[in-house]
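A.B. asks: give me a model of this one.
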Amino acid sequence: MKVSLQIAGLDEINTSLRQLKAATARNVVKRALTNAVKPVRDRAQANAPVATGQLRSSISIVGGFVNNTGKAEYAAVLRKGGSKEEARSALRDARRNAGGSGRTIRVQVVASARYSSLVEFGTKKAAAQPFMRPAFDATKELVIASLGNEIRSEIEKSVARSAKRAAKLTAKG
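C.D. replies: Numbers count the residues shown, from 1 in each chain. Next up is the predicted model:
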């Protein structure tokens, strides 16, 4: 199965993001993604079967930054018998040479209750009661449609915060 995503106006968004500091731009995108997937979380919570309420309350949005650049180099050095320090050096060199590419922002809707997968997929003795997949299927179009607007909104908020900070600093003199 292949899934493709196209967001209109991405060139303008990229131009706006490049004008921000790198850390600010990453956080803008992370906040926008988090806001965009809230309908998935809300639908999953509504779909979750309730016995004690623990499953429903364990559904949340989790996000973070992932950098896979250099992992292959790290593993290659260890396979060849190199030390961990040499492997770390290879990882750092690969990341420096990549120039910041390879970083990914990942945002997921997760159910952290230890039995959540048993409910979602079922067991030999208990029928499946899917709640996550139907939530995703029902809201994926909304998430895709809102993502561009969320990023634009977060960029505007970030620019406004920066301007307010700059005005404070100039007022202090």
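A.B. asks: now do the SS call for residue 127.
C.D. replies: coil (DSSP: H, G, I helix; E, B strand; the rest coil).
A.B. asks: name the helices or strands packed onto whichever strand or helix holds residue 86?
C.D. replies: With secondary structure defined by DSSP states H and E, residue 86 is part of helix 84-98. Identification of packing neighbours for helix 84-98 by 3 or more Cβ pairs under 8 Å, 6 or more residues apart in numbering; DSSP states H and E yields helix 71-79. C-betas here are computed from N, CA, C, even on glycine.
A.B. asks: got a list of what residue 150 touches?
C.D. replies: For residue 150, the contact set (Cβ atoms under 8 Å, 6 or more residues apart in numbering) comprises 31, 32, 33, 35, 36.
A.B. asks: now the top helix by length along the chain, how far from the centre of its chain.
C.D. replies: Counting by DSSP state H, the longest helix found in the chain is helix 132-172. Centre-to-centre, helix 132-172 and its host chain are 13 Å apart (Cα atoms, centre = their mean, to the nearest Å).
A.B. asks: avg pLDDT for that helix?
C.D. replies: Throughout helix 132-172, pLDDT has a mean value of 88.
A.B. asks: ditto for stretch 76-95
C.D. replies: Rounded mean pLDDT across stretch 76-95 is 92.
A.B. asks: quick check: buried residues in stretch 89-108?
C.D. replies: Buried residues in stretch 89-108, counting neighbours by 16 or more other Cβ atoms under 10 Å, are found at 90, 91, 94, 95, 107.
A.B. asks: swap that for stretch 151-168, please
C.D. replies: 151, 152, 154, 155, 158.
A.B. asks: and stretch 130-140, by the same measure?
C.D. replies: For stretch 130-140, by 16+ other Cβ under 10 Å, it's 130, 131, 132, 135, 139.
A.B. asks: mind putting those residues into CSV with distance to residue 20?
C.D. replies: CSV is the format used below for the buried residues of stretch 130-140 (distance: Cβ to Cβ, whole Å):
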residue, distance to residue 20
130, 39
131, 37
132, 33
135, 32
139, 28
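A.B. asks: just the ones of the contacts of residue 150 in strands?
C.D. replies: If you go by DSSP state E, the contacts of residue 150 have nothing in strands.
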